[in-house]
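*Asks:* After the sequence you'll find the predicted model.
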Amino acid sequence: MSPEHNASLICLSANGKTTSSSDRAPKNLLVATTESLWEFARPSADAPWAVIRDDILPDHHVSALLFEPRSGLIFAALHFEGGVLASADGGKTWAPRNNGLQSGHAYTLMVQYVGDKTILYLGTEPVMLYRSEDLGQSWTALPAVLDVADTDKWFFPRSVPHIKHIASHPSEPNTLYVCVEQGDILKSVDAGKSWRQLTQWERADDKFRRDMHRVVFRENDPKEIFMTTGIGLYHSTDAGETWERRTDTTFRLGYPDPFFIHPDKPNLMYMVGAGANPNPEWAKTGTANPLFMRSTDSGRTWTEAMNGMRMPVRGNIEAAAMHVSKENGMELFTGTACGELYESRDGADSWTLITDEVLPVSKGPHFRHFLTPEDREAYENKLRAMKAFA
């Protein structure tokens with residue numbers, strides 16, 4: 001049984017771990033917002049969620065949350081400054097785990113189990129990959145991630161490129177995939193000692209150059225991969241050597257990010273994202289026209305699964321999570337840039353609003369598009385003062 005099977009906490013964050021499983025349905029939900037962590041609880045598996053704390057890590061924008069069930073530790077990767085924090089008491093107290101890090105902008109986290117070893121990987125802004133075998137007490141940089149061609153072409157608007165996502169199939173722990181936003185999908189077969197670019201999917205007329213979001217594997221096949229990007233969904237059956245494009249920017253969901261494959265129903269998939277990339281229309285209309293979509297044929301066709309959500313969603317759906325338990329089956333969660341939190345307990349047939357008063361859930365500064373002009377200017381000036389925004 002995977003250590004993750006005993007997960008007792010559901011985490012929702014823009015760039016953290018998105019899937020978890022357990023025997024019993026967890027009674028606690030932790031949500032990363034732009035200014036703190038919010039904790040929700042339910043007395044029983046069939047009860048509604050209620051907020052019990054909204055002030056965990058005040059004044060911190062958590063980019064990625066990760067609950068590690070072997071140790072019981074919660075890890076929080078912080079946007080802009082602060083690095084990585086860990087809590088051993090359910091979020092009551094936190095301690096920094098930054099030994100060896102060169103940047104305080106910790107973007108994404110991955111946990112990997114290799115026998116008795118628990119291995120953490122961390123991706124930062126600027127681009128660097130780190131590995132820890134002591135639960136983040138110390139980090140070792142893997143600088144070969146920069147020893148590839150075209151790093152001078154990596155680009156991110158108003159900031160610098162970062163590692164958006166790290167992935168590895170459990171049956172091939174030495175094989176890693178890293179999504180550089182914007183810049184590349186990189187693959188290593190020696191646990192990060194060397195890397196190469198995967199570029200077969202690229203086309204000359206692409207709207208963006210290599211705008212990578214996430215890599216997701218079939219549970220039973222490390223060679224079958226789905227990849228979400230700023231220009232659509234891709235599918236590979238040969239570990240990323242060749243790719244078939246499933247959707248593009250003309251698709252209703254043109255800017256996909258979170259992606260889920262049901263662990264027991266491999267043809268059932270979910271994809272989440274905005275109608276188009278971040279642009280001035282987001283601010284003008286007050287919505288990115290995001291969608292939660294479902295496919296029952298392995299991603300070949302997609303239908304909207306929005307029953308119960310506000311349409312159009314205010315702002316953007318910035319985070320999603322899937323938890324599967326023996327007690328409650330599959331539970332899905334979404335959080336938005338305008339403070340709405342939804343859940344579904346019936347496979348996205350319907351959604352229930354948990355609250356519309358949570359602080360914004362946001363990948364970096366995405367939520368600023370939906371602020372008033374005055375609040376947006378103040379926020380951007382704050383980032384400039386931190387040298388986190390150009």
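*Replies:* Great, that's in hand.

*Asks:* which other residues reach the helix ranked longest in the chain?
*Replies:* Of all segments of type helix in the chain, defined using DSSP state H, the longest is helix 373-385. Helix 373-385 has contacts (CB atoms under 8 Å, 6 or more residues apart in numbering) with 80, 283, 365, 368-369, 371, 389-390. Heads up, the C-betas are built off the backbone N, CA and C, glycines and all.

*Asks:* just curious, which of those residues is nearest to Lys265?
*Replies:* Closest approach between the contacts of helix 373-385 and Lys265, by CB to CB: His369, at 35.4 Å.

*Asks:* so the closest one sits in a helix?
*Replies:* Yes - under DSSP: H, G, I helix; E, B strand; the rest coil, His369 falls within a helix.

*Asks:* Could you check how far the residue of the chain most remote from its centre is from Ala337?
*Replies:* Each residue of the chain has a distance to the centre, and by CA atoms, centre = their mean the biggest one is for Glu374: 29.0 Å. For Glu374, the distance to Ala337 equals 18 Å [CB to CB, to the nearest Å].

*Asks:* Same check on Thr175?
*Replies:* 34 Å.

*Asks:* Ok, Phe208 next?
*Replies:* 21 Å.

*Asks:* the more surrounded of these two?
*Replies:* Ala337 (29 against 15; other CB atoms under 10 Å).

*Asks:* For that one, which residues are in contact?
*Replies:* 288, 315-316, 318, 360-362, 366-367, 369-370.

*Asks:* can you do 7 Å?
*Replies:* 315-316, 318, 360-362, 366-367, 370 (CB atoms under 7 Å, 6 or more residues apart in numbering).

*Asks:* Would you state the predicted confidence (pLDDT) at the residue farthest from the centre of the chain?
*Replies:* pLDDT recorded at Glu374 is 96.

*Asks:* try Met311
*Replies:* Met311 is given a pLDDT of 93.

*Asks:* backbone phi and psi for Met306, please?
*Replies:* Dihedral pair for Met306: phi -120, psi 10, per degrees, to the nearest 10.

*Asks:* And for it, the neighbour number?
*Replies:* 20.

*Asks:* Run through the residues that contact it.
*Replies:* Per CB under 7 Å, 6+ apart, neighbours of Met306: 291-292.

*Asks:* Identify the residues contacting the strand or helix carrying Ala76?
*Replies:* Element membership for Ala76 (DSSP states H and E) is strand 73-78. By CB under 7 Å, 6+ apart, the residues outside strand 73-78 that reach it are 57, 60-68, 84-88, 91, 106-109, 122, 135-136.

*Asks:* Just the buried residues of these.
*Replies:* 57, 60-68, 84-87, 91, 106-109, 122, 135-136 (16 or more other CB atoms under 10 Å).

*Asks:* so what's the backbone phi/psi at the residue nearest to Ala305 when sequence neighbours are not counted?
*Replies:* For Ala305, ignoring the flanking residues on the chain, the nearest one in space by CB to CB, 6 or more residues apart in numbering is Ala348 at 3.8 Å. For Ala348, the backbone dihedrals (degrees, to the nearest 10) come out as phi 80, psi 20.

*Asks:* what's near enough to touch the nearest residue to Thr355 once chain neighbours are set aside?
*Replies:* The shortest distance from Thr355 to any non-neighbouring residue, by CB to CB, 6+ apart, is to Leu341 (5.2 Å). With contact taken as CB under 7 Å, 6+ apart, Leu341 is in contact with 31, 335, 354-355, 358.

*Asks:* try Arg131
*Replies:* 119, 121, 140, 142, 192.

*Asks:* what about the closest residue to the fourth one other than its chain neighbours, distance to Asp134?
*Replies:* In other words, Leu142. Leaving aside its chain neighbours, Leu142 sits nearest to Gly192 (3.9 Å; criterion: CB to CB, 6+ apart). According to CB to CB, Gly192 and Asp134 sit 17 Å apart.

*Asks:* neighbour count winner among these two?
*Replies:* Between Gly192 and Asp134, counting by other CB under 10 Å, Gly192 is the more crowded of the two (23 against 12).

*Asks:* State the phi and psi torsions of Trp282.
*Replies:* phi -60, psi -50.

*Asks:* Could you report the neighbour count for the nearest residue to Thr237 once chain neighbours are set aside?
*Replies:* In this structure, Thr237 finds its nearest non-sequential neighbour in Glu224, 5.3 Å apart by CB to CB, 6+ apart. Counted with other CB under 10 Å, the neighbours of Glu224 add up to 19.
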